[in-house]
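*Asks:* Need coordinates for the following:
(2 chains)
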Amino acid sequence: MTTTRSAGHLEVRGIAKRYDKVSAVDDVSFRMAPGEFLTLLGASGSGKTTTLKIIAGFEAPDSGEVWLGEQPITQLPAHRRNIGVVFQNYALFPHLTAAENIAFPLRVRGIGKAERAKRVRHALATVRLEGTGDRYPRQLSGGQQQRVALARALVFEPQVLLMDEPMGALDKRLREALQLEIMRIHRELGITICYVTHDQEEALVMSDRIAIYDDGRIRQVGTAEELYELPESVFVAEFMGESNVFHGTLDGKGKVGRLIAPRRPPITVSIDGPCPIGDGADAVVVVRPERIRVLRRRRGDSEPEPGRNILTGVVQDVIYLGSDRRYLVALPDGSTCQARVGAAHADPGIGRGDHVELTWDRADAILLEAPAAEREATS
Amino acid sequence: MLALTGRMTVKRLRGWGLLAAPGILFLLVLFGWPLADMAILSLTTPSPSNYAVFAESPVYLDAYVTTFVVALVTTGACLLLGYPYAYLMHTGGRTLALILGFFVLLPFWSSILVRTFAWSVWLQDTGIVNTTLLDAGVIDRPLPLIRNALGTTIGMTHVLLPFMVLSLYAGMRRIDPNLTRAAMSLGASPLTAFRRIFLPLSMAGIYAGSLIVLVISLGFYLTPAVLGDPGKPLIGQLIVEQVTGQLNFGVGGALGVVLLVATLAVVWAGTWLVDLRSVMGYEE
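*Replies:* Have a look, this model is predicted:
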């Protein structure tokens, strides 16, 4: 089947950019379907804003290409790309009113006065700012300025909209309201949006897919669920939500592997399913806290139920969070394991100092290669 | 309201504010008083009839006109030379900004007298410019580059250019670089982005720099005396002639007072213009 490339189809192919020998973006590639909402998520300095600047045409990549639809746009100057950009600090023109700001892209395209006025009115209505057109940016609140910036970036009907931490300067309440607003506009206009943020929650709420950035590279691209359930690296696992990470050596026997932690006394974690990592290799097992069950320790030797992994430990702390309880449990090897149990399943009698069993389904344990730095350190 | 302002002023003068006292005293005693003295002299030595010189001879009014024309041309020349220079400093990256900034400040470290005489070496009929052009056969008679308004303007532009460049540069630094990027992402070519966004926003620096250069130009003495037309003196030269040549403090004072009033009028008009910025929505 041949994929039909419609106009809002944005593709980045292996772009790289260095500043003074420091790599800002290194071999970044992704493809956006028309109308998709993709979030570039990562810490500041991880290369997501540089990626956006390259797509917008403010920076030229050292290598790699940017495609929009059927056309490579890497060589195209910014003003001929027809890509809307919303800046973190809004970048509204201070000497023009809100309406004049929004009319600017129409003006430079030579659109007549009457048509301009009509479309500006419509754009102001889209962002729910009717009646503020004749105010100057400094007379508007932060949220209003953000809406004007959004209207200005949408009014010339670009196929792709880039947003660079557009809510960084707003307080939490306003941010949540604007998130819903942006999602509504995204839905209504069917525009392709590439959104940059360091706020994980924001990314989870808004995006169709998320690209996790780390040190100039994309670690993984996927839906929020894919990233959470099937992280491809410890970095992604730890970045997306809370996780228990067990480091150790793999003792693989056929399909079922066992991870033996190096510390004394060793703890053993069993993994189900295919084992892509070879015997005796360093590996990591990630278990999400909400997958772990906490039970009072029974007398005698604990026998795990079939298919379940079991660890014993002593409760260090119980944190009551209303909908669930969080247990911090000290394991025999001195490390701490975190478990999160929903209110319906939690035993309220378990408290600090109690001996407990932590069990989880082996299928819920995620086996990953040990991070590169660690492999070097232990070898 | 007035009492409140007064109390706040007094409050501010205590503590660290007192450190400004020597400076304020210095200005009052060594600048304020001589200024007042000049005004008094113009009215009392021998009488306010000093101001009648304007009616008696057209020389003085002519000198004011020449002074203003030269000052305006100098300001225009500084702006035309300074704007691209400052723009390059602003956009060319940090290293280039440092190098260009160094060359702007270089003249400040040498005496204005030395620089002015250096210009006369360059510009006179047997000077470097004319001999080079004559030798090259481009011209067959020396160009009149000195002892006229051109010489004055060249010399004054050279002295005042740094003030213009630094004012413009400071103004440009205040412009968010994302604004030009935003304009381009919205479809404006680099030229349109400059014309519609950057240039209007740099008007504040243009006003400030022009005002400074214009006001300083009005009081120039040394440069026109060395490089200018002796037959068409600027007002500064006439004042010096009255005071040191003829020891006529009354008329000298009167000319000074009129120059001061004219300069204040320019500053006032300039502030009014600069205040337009807030009307245009630039003021933060």
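*Asks:* Get me the contact residues on the stretch 1-150 of chain A for chain B.
*Replies:* Applying CB under 8 Å from any CB of the partner chain, we find that the stretch 1-150 of chain A lies next to chain B at A:56-58, A:77-85, A:87, A:89, A:91-97, A:104-105, A:108-109, A:136-138. All C-beta spots, glycine's among them, are computed from the backbone N, C-alpha and C.
*Asks:* Just checking the distance from stretch A:192-199 to the centre of its chain.
*Replies:* Remark: stretch A:192-199 is offset 9 Å from the chain centroid, using CA atoms, centre = their mean, to the nearest Å.
*Asks:* does any part of that stretch sit near chain B?
*Replies:* No: using CB under 8 Å from any CB, we find that stretch A:192-199 stays clear of chain B, coming within 13.0 Å at best.
*Asks:* which residues sit against that stretch?
*Replies:* A:8-10, A:32-44, A:48-49, A:51-52, A:55, A:159-167, A:182, A:186, A:203, A:206-207 (CB atoms under 8 Å, 6 or more residues apart in numbering or on different chains).
*Asks:* for stretch B:195-214, same thing?
*Replies:* A:93-95, A:104, A:108, B:71-72, B:74-75, B:78-79, B:82-83, B:86, B:160, B:163-172, B:174-175, B:179-180, B:183, B:188, B:266-267, B:270, B:273-274, B:277, B:280, B:282.
*Asks:* What average pLDDT does that stretch get?
*Replies:* For stretch B:195-214, mean pLDDT is 92.
*Asks:* Enumerate the positions of that stretch that are buried.
*Replies:* B:196-198, B:200-214 (16 or more other CB atoms under 10 Å in any protein chain shown).
*Asks:* Buried ones among the contacts of stretch A:192-199?
*Replies:* Here, 16+ other CB under 10 Å leaves A:8-10, A:32, A:34-42, A:48-49, A:51-52, A:55, A:159-167, A:182, A:186, A:203, A:206-207 buried among the contacts of stretch A:192-199.
*Asks:* The buried residues of stretch B:195-214 in helices, which ones?
*Replies:* B:200-201, B:203-214 (DSSP state H).
*Asks:* Show me just the buried residues among the residues of the stretch 1-150 of chain A next to chain B.
*Replies:* A:56-58, A:78-79, A:81-85, A:87, A:89, A:91-97, A:104-105, A:108, A:136-137.
*Asks:* Tell me who's in contact with the residue nearest to the spatial centre of chain A.
*Replies:* The centroid of chain A falls nearest to A:L41 when counting by CA atoms, centre = their mean (4.1 Å). Shown in contact with A:L41 (CB under 8 Å, 6+ apart): A:K48, A:T197, A:H198, A:Q200, A:A203, A:I210, A:A211, A:I212, A:Y213, A:F239.
*Asks:* Distance of the residue nearest the centre of chain B relative to B:L81?
*Replies:* A centroid search over chain B (CA atoms, centre = their mean) returns B:V213, at 1.9 Å, as the residue closest to the centre. Separation of B:V213 from B:L81 (CB to CB, to the nearest Å): 11 Å.
*Asks:* list residues touching both of those two?
*Replies:* Common contacts of B:V213 and B:L81, defined by CB under 8 Å, 6+ apart, comprise B:M164.
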